[in-house]
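Colleague: let's see this in three dimensions:
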Amino acid sequence: MEGMDVDLDPELMQKFSCLGTTDKDVLISKFQRLLGFQLNPAGCAFFLDMTNWNLQAAIGAYYDFESPNISVPSMSFVEDVTIGEGESIPPDTQFIKTWRIQNSGAEAWPPGVCLKYVGGDQFGHVNMVMVRSLEPQEIADVSIQMCSPSRAGMYQGQWRMCTATGLYYGNVIWVILSVEVGGLLGVTQQLSSFETEFNTQPHPQKPTPSPLPPPPSPCPVDVTPSTFIIYCCLSALVWVLKEQSSLPLALKKKKVKISPAILPV
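Modeller: Okay, here's the model as predicted:
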C-alpha cells in the first residue's frame, strides 16, 4: 500500500488564488480534481461543508483527517488489449473496451473495488464495473460494454479504480475514441466473436478405419452346421469382393474361387 503525502505542494496552494467561486457544485468538482479523484463527490462535499465551503481549508482538513488512518491500494495500467484497438468506430455502435491492469503494491486489494467512470465522455450507461481483489503483482483484464456517440468526431473519457469507501487510486485510464461512418472497430470485434464461438464448438470426428474385416451380421437362430459353413463362406466372399476395389490392378486379375469340397452335399 502506498502512504499518502501530507505535505501540500506549493504549486497546489498557488492554484487556490484562482478558485474564487461560491458555487457548491463547482467547488466539489475542483476539490475532487485537486485530489486526483481520490474522493467521491459526497466525500468532497463533507469536507467542504465542514470548513464552511472554503476550498483551501477543506483540502487541509482532508489530509489532516485521512492521512494518519488510511493506506491507498496501488494499481498500474499495463496496456490496452481491446480487440481492434486503434481503429475508428461507426456512430451508435456497441463495442467492448478491455484494459490490462496490475496490483503494483505489496498488499492485496480490499474487497469491493471497482473501475469507475470519473470524467469526460461516458460512452453508454455503464459507469462502473466490479473488479476482483488482486494479489500483489497480479495482473487481470477488465472489460466494459460501451456504445459510440451518435455523431462523428474525437471523444475521450477517464476511468479510475475506486475502493468500496469511495477512495480513488492508481493510474487514470483514458478512453480515446475516433467515431467515423466507415469505422471498422465494431465489425472487427464481431468477426473475432464469431471466430471464437466457432473454435469452441465441438466438431464431429471421423471414425478411424480398421484394417480388419467387419464383423459378420448376426446369423439366424436356428442353423445347422452346413448352413453355418455356407453363411461364413458367403460373408468372406462379400468381404473379398469389397477389398478387391482397393487392391492393385495386378492383384485384381486373380480370381477368387471357393472349392466345392468345403460346401455341404
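
Colleague: any idea of the mean pLDDT in stretch 181-194?
Modeller: Average pLDDT, stretch 181-194: 70.

Colleague: ignore the last one, stretch 103-112
Modeller: On average, stretch 103-112 scores 92.

Colleague: can you give the domain ranges for this structure?
Modeller: When the chain is parsed with automatic domain parsing, its domains come out as 10-66, 76-187, 217-248.

Colleague: give me phi/psi at the residue lying closest to residue 173 once chain neighbours are set aside?
Modeller: Leaving out its chain neighbours, the residue that sits closest to residue 173 by C-beta to C-beta, 6 or more residues apart in numbering is residue 159, at 4.5 Å. (C-beta placed from N, C-alpha, C; glycine too.) The phi/psi pair for residue 159 (degrees, to the nearest 10) reads phi -130, psi 150.

Colleague: how many residues are close by residue 159?
Modeller: The number of residues packed near residue 159 is 27, by other C-beta atoms under 10 Å.

Colleague: flag the shaky bits of this protein, pLDDT-wise.
Modeller: For the chain, the stretches flagged by pLDDT under 70 are 1-22, 66-70, 186-187, 189-190, 192-265.

Colleague: strands along that one, start to end?
Modeller: With DSSP state E as the criterion, the chain has strands at 76-80, 94-102, 114-120, 128-130, 139-147, 153-162, 168-179.

Colleague: just tell me which of those strands ends up closest to residue 51.
Modeller: Residue 51 lies closest, by C-beta to C-beta, to one member of the strands of the chain: strand 168-179, at 20.8 Å.

Colleague: could you give the angle of that closest one to strand 139-147?
Modeller: Computed by axes from the mean of the first three to the mean of the last three C-alpha atoms, to 10 degrees, the angle separating strand 168-179 from strand 139-147 equals 50 degrees.

Colleague: how about strand 168-179: buried residues?
Modeller: 168-171, 173, 175, 177, 179 (16 or more other C-beta atoms under 10 Å).

Colleague: same question, stretch 49-56
Modeller: 51, 53, 55-56.

Colleague: alpha carbons of that stretch, as CSV, please.
Modeller: The C-alpha trace of stretch 49-56 is given here as CSV (Å, rounded to 0.1, in the frame of the first residue of the first chain):
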residue,chain,number,x,y,z
ASP,A,49,-19.2,21.7,4.4
MET,A,50,-17.1,21.1,7.5
THR,A,51,-14.9,24.1,6.5
ASN,A,52,-17.8,26.4,5.5
TRP,A,53,-17.0,25.7,1.8
ASN,A,54,-13.5,27.1,2.0
LEU,A,55,-11.6,25.0,-0.6
GLN,A,56,-8.1,25.6,0.9
